[in-house]
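Novice: Structural data only, the sequence is not supplied:
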Ligand code: ATP
Ligand code: MG
């Protein structure tokens, strides 16, 4: 048979032997096919082989195949994998793309035909413009700017970033669900008047400019309408592709399904691969239910299931399989593997959040093959401290997702402005930026009066001498003045603390959160991250430079995809990927699951909790051999609770640990550094009787660092004094280099790959630097 020959040839060429189900899926090219399968079972691999089979064996022209992926990044990943398998077709044009790019083409065609001018109001270029301050000029047309303006009009107030997220999610949800106007109100949204805002937004896009304004969701809706209403256009696209396949279809939304349905209606050649357990976008209207109803739409569809995992070690597969069964709303599957057992899943319980980033960097520093490591997190905001720690240690990383908002956030700007005031307190323009955010609260009127004073003295003296103040303000402003003077030349870490606590900035943030609904956790998190960044720096100037530098690092790290670098990614963006070693950070209740997930769950609304479970499951199943889960017991002075998911994993992996109460106890760990202990989680029944041969390892660390590092590399430099300008050194990741200059904790070192600035303390703690012969 033609097919079998192809399969044996591929086996010989690539060393990949497909299993029976995979083979059937590859060879079943005509008609509809739903491949419902577990993580790592070879869904994407099968899709790629199927495309190869169509092209190489059945002579189908590559451009007649459409492979729809979830994101641009996954389109690229899939193309890379295809090129590796079928290099002879690498240059050719199999259409791997997102549904958005397909919808865009359809919409463009349709609008052109109708002679309607349009403008896209979402995306990168527009995002850039958003950062510019337009000072009263007419802003460019961008989704968020429009929404912001509408909100101001409707609510008479400024919208916070969180509200913006809520609102755009709501809009996407409504559009992707194809909800008619009368049902908009039935969707919950925490932003007041969301329904009305959406109605205004729609009206504005249709009449607010000389062009029709379209955002990404509109592209989908308009494409779907075009296919529905324009038979000629429908036929054109139907004729363009003979075979359509969609990967990660559990995250396809209703409008997207509707587009695909119409696209394949003529020939019905559609292959859909999905795993309902990995559905992590229902908040954005993904429609996993559609898969369960697949037969209704495609009555003659073939259904195949795959449960064998080829990716992960046996213990990871077993634990993940048991873990996902917490969820009730799912197709029951039983993932298994023939892969051997490997290292147990390790839980690291750190004493404090602050230790985490450094600890991760230290764990990773041991490795040579960095591209096989991923650090995953739920929220983008976790990326900054990680980036800071990795950069200090000189470990290269590729950032798939990072916190874009951080460096331009107003809290960061505020702190820098406070710092600028320590250099001169004679600039009313500086004070104007922070006058409502410090002790002595200067009103707008007082600020205006101050600006009318023309002498170049201290703003505080001018306030006290020439501006009408309330009695209590005199004392407070005098104190502010003295505090700013005292801060001259202060180390940045102390300066930030002074700003927070002595100048009253943190109190002001508290008030703003109450008044404006900002998320306090995030804002305080920014201040704490700034403190982390300032660690070891001697001057406020160097702190400002470091921020600029890190912002740059973040940009360049996005381009490191194909280098030997650790991947930083959100759990969401890690979907479909795999790594030898995976570390998931910030695994505490409040993050994963989030407080919202927990609250709803307690009120018997389980949907969000189940999605959080799936998200964690996606994370776990990225790991081939080593999986490490990181949690901590304190954060920002408050107690933190290890994520219930982590405890569930421990229970599954090591049931006997949970049959008695508090073996090992809370007191374990202590000053002695890393140490194993027997777990102190809530006592509970073991979830299953079956024991894994591999024990869970829980390591509690209060002081990661020096000792362990020294034990690993006995030749590493252990005293800062030994490092001098001119010394020849060898760095774990960068190889040989020469120290150009030493500046306090910072060493500028010239490596072959270029000059780097590294933190001496970090390098010593992690044992990253060796001195090479010829010490100065
Ligand atoms: P996910 O649900 O995470 O997207 P997936 O089902 O798409 O996973 P793949 O990424 O295609 O899984 O495959 C997972 C790993 O298993 C890959 O490394 C792939 O090379 C390997 N693999 C797939 N099928 C086989 C097979 N038949 N024999 C050996 N290895 C296989
Ligand atoms: Mg896949």
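Specialist: Perfect, I can see it now. Treat the numbers as computed from the prediction; the structure is a model and nothing was measured. Ligands and ions are numbered 1, 2, ... in the order given.
Novice: residues in contact with residue 342?
Specialist: By C-beta atoms under 8 Å, 6 or more residues apart in numbering, the contact list for residue 342 reads 313-316, 625-626. From N, CA and C alone the C-beta is placed, and that goes for glycine too.
Novice: So which of the residues you listed is the closest to residue 421?
Specialist: Distance to residue 421 across the contacts of residue 342 (C-beta to C-beta) is lowest for residue 626, with 48.5 Å.
Novice: which SS state does that closest one fall under?
Specialist: Three-state assignment for residue 626 (DSSP: H, G, I helix; E, B strand; the rest coil): strand.
Novice: ok, and the most crowded of the contacts of residue 342?
Specialist: Highest neighbour count within the contacts of residue 342, by other C-beta atoms under 10 Å: residue 316, with 29 neighbours.
Novice: For it, pull up the helix or strand it's in.
Specialist: Assigned by DSSP states H and E, residue 316 belongs to helix 314-324.
Novice: repeat for residue 33
Specialist: strand 32-37.
Novice: Equivalent analysis for residue 81, please.
Specialist: Per DSSP H and E: helix 72-85 holds residue 81.
Novice: Which residue ranges of the stretch 51-200 of the chain form helices?
Specialist: With helices called from DSSP state H, counting those that start in this stretch, the stretch 51-200 of the chain shows them at 72-85, 99-113, 124-130, 143-155, 161-176, 194-207.
Novice: Please read the previous query as pertaining to the stretch 451-600 of the chain.
Specialist: Going by DSSP H, counting those that start in this stretch, the stretch 451-600 of the chain shows helices at 459-466, 471-486, 492-497, 505-516, 520-534, 540-557, 595-602.
Novice: The stretch 651-776 of the chain too?
Specialist: Under DSSP H, counting those that start in this stretch, the stretch 651-776 of the chain gives helices at 706-712, 760-766.
Novice: Of those helices, which shows the lowest average pLDDT?
Specialist: Note on those: lowest mean pLDDT is at helix 706-712, with a mean of 52.
Novice: Show me what residue 350 is bridged to.
Specialist: When bridges are called by DSSP bridges, residue 350 pairs up with residue 632, residue 701.
Novice: CSV for the helices of the stretch 51-200 of the chain, including mean neighbour count, distance to residue 306 and mean pLDDT?
Specialist: Below are these laid out as CSV (neighbours: other C-beta atoms under 10 Å; distance: least, C-beta to C-beta, whole Å; pLDDT from 0 to 100):
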stretch, mean neighbour count, distance to residue 306, mean pLDDT
helix 72-85, 17, 17, 87
helix 99-113, 19, 24, 93
helix 124-130, 12, 37, 47
helix 143-155, 18, 39, 90
helix 161-176, 19, 28, 91
helix 194-207, 17, 41, 93
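Novice: Tell me which of these lies nearest to ligand 1.
Specialist: Smallest distance to ligand 1 across the helices of the stretch 51-200 of the chain (C-beta to the nearest ligand atom): 8.1 Å, for helix 72-85.
Novice: domain parsing for this protein?
Specialist: What the record gives for the chain is the domain set 2-104+221-308, 125-210, 346-381+567-673, 407-544, 706-771, from automatic domain parsing.
Novice: Quick one: those as a markdown table, columns for distance to ligand 2 too.
Specialist: Below are the domains of the chain laid out as a markdown table (distance: least, C-beta to the ion, whole Å):
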| stretch | distance to ligand 2 |
| --- | --- |
| domain 2-104+221-308 | 3 |
| domain 125-210 | 22 |
| domain 346-381+567-673 | 4 |
| domain 407-544 | 32 |
| domain 706-771 | 30 |
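Novice: Can you say which of these is nearest to residue 400?
Specialist: Closest to residue 400 of the domains of the chain is domain 346-381+567-673 (C-beta to C-beta; 3.9 Å).
Novice: Quick one: mean pLDDT for the closest one?
Specialist: Here the average pLDDT along domain 346-381+567-673 is 87.
Novice: now do stretch 36-43
Specialist: For stretch 36-43, the per-residue pLDDT averages 95.
Novice: Could you tell me the end-to-end distance of that stretch?
Specialist: 8 Å (C-alpha to C-alpha, to the nearest Å).
Novice: ok, now stretch 335-348?
Specialist: End-to-end for stretch 335-348, by C-alpha to C-alpha: 26 Å.
Novice: Equivalent analysis for stretch 443-463, please.
Specialist: OK, stretch 443-463 end separation, C-alpha to C-alpha: 11 Å.
Novice: now stretch 348-368
Specialist: End-to-end distance (C-alpha to C-alpha), stretch 348-368: 22 Å.
Novice: 319 is where my numbering starts, stick with that
Specialist: Shifting the count to begin at 319 puts that one at stretch 666-686.
Novice: Redo the helices of the stretch 369-518 of the chain as JSON lines? Include distance to residue 966.
Specialist: Formatted as JSON lines, the helices of the stretch 369-518 of the chain follow (distance: least, C-beta to C-beta, whole Å):
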{"stretch": "helix 390-403", "distance to residue 966": "29"}
{"stretch": "helix 417-431", "distance to residue 966": "34"}
{"stretch": "helix 442-448", "distance to residue 966": "38"}
{"stretch": "helix 461-473", "distance to residue 966": "38"}
{"stretch": "helix 479-494", "distance to residue 966": "28"}
{"stretch": "helix 512-525", "distance to residue 966": "35"}
